[in-house]
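S.K.: Output the structure for:
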Amino acid sequence: QVQLVESGGGLVQAGGSLRLSCAASGRTFREDSTEGLVMGWFRQAPGKEREYLGAITWRGGSPHYPDSVEGRFAISRNKAKNEVYLQMNSLKAEDTATYYCAADVDGSGWKFPGQGTQVSVSS
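M.R.: All right, here's what the predicted structure looks like:
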């Protein structure tokens, strides 16, 4: 239903910023069946569990963030381009991880069809 391709990762110094992009496609978008679509961002560092970074409802509403990234990370979307973004500021070494875009279609649970994009923060 949804295909996702993440990009924008790289190496950045602590205190710097990065913006990750997620290009979305698939039947959900071709058929404009996006009423129940929520897009999210997660990350996973080696040896650690996957961590939720926030989400946004495709058709409207404010993004939701966990306390751990509130104020540093921001999610936005461009519906015309079928893209979702994760703006990350004041990056820290502990933000080093592979970042994944995810989709929840009609409450079916998070799906992670993409390969992720690597973010490395040097201290």
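S.K.: what's the following helix or strand after the helix or strand bottoming out on mean pLDDT in the chain?
M.R.: Within the chain, confidence by mean pLDDT, DSSP states H and E is lowest for helix 27-30 among all helices and strands, at a mean of 86. Next in sequence after helix 27-30, counting helices and strands by DSSP states H and E, comes strand 37-44.
S.K.: Tell me the predicted confidence for the residue of the chain positioned farthest from its centre.
M.R.: Computed with Cα atoms, centre = their mean, the residue of the chain farthest from its C-alpha average is residue 123, at 23.3 Å. Per-residue confidence (pLDDT) for residue 123: 89.
S.K.: What sits closest to it if chain neighbours are left out?
M.R.: The shortest distance from residue 123 to any non-neighbouring residue, by Cβ to Cβ, 6 or more residues apart in numbering, is to residue 93 (4.2 Å). For the C-beta atoms, the positions are set from N, CA and C on the backbone; glycine is no exception.
S.K.: Quick check: phi and psi at the one you found.
M.R.: Main-chain torsions, residue 93, degrees, to the nearest 10: phi -60, psi -40.
S.K.: mind listing what it touches?
M.R.: Residue 93 makes contacts with 14, 121-123, as judged by Cβ atoms under 8 Å, 6 or more residues apart in numbering.
S.K.: Enumerate the beta-bridge partners assigned to the residue nearest the centre of the chain.
M.R.: Compute the mean C-alpha point of the chain, and by Cα atoms, centre = their mean the closest residue is residue 41, 2.7 Å away. Beta bridges link residue 41 to residue 54, residue 101, judged by DSSP bridges.
S.K.: From residue 65, how far out is it?
M.R.: As judged by Cβ to Cβ, to the nearest Å, residue 41 and residue 65 stand 10 Å apart.
S.K.: overlap in contacts of these two?
M.R.: Common neighbours of residue 41 and residue 65, using Cβ under 8 Å, 6+ apart, are 53-54, 73, 75.
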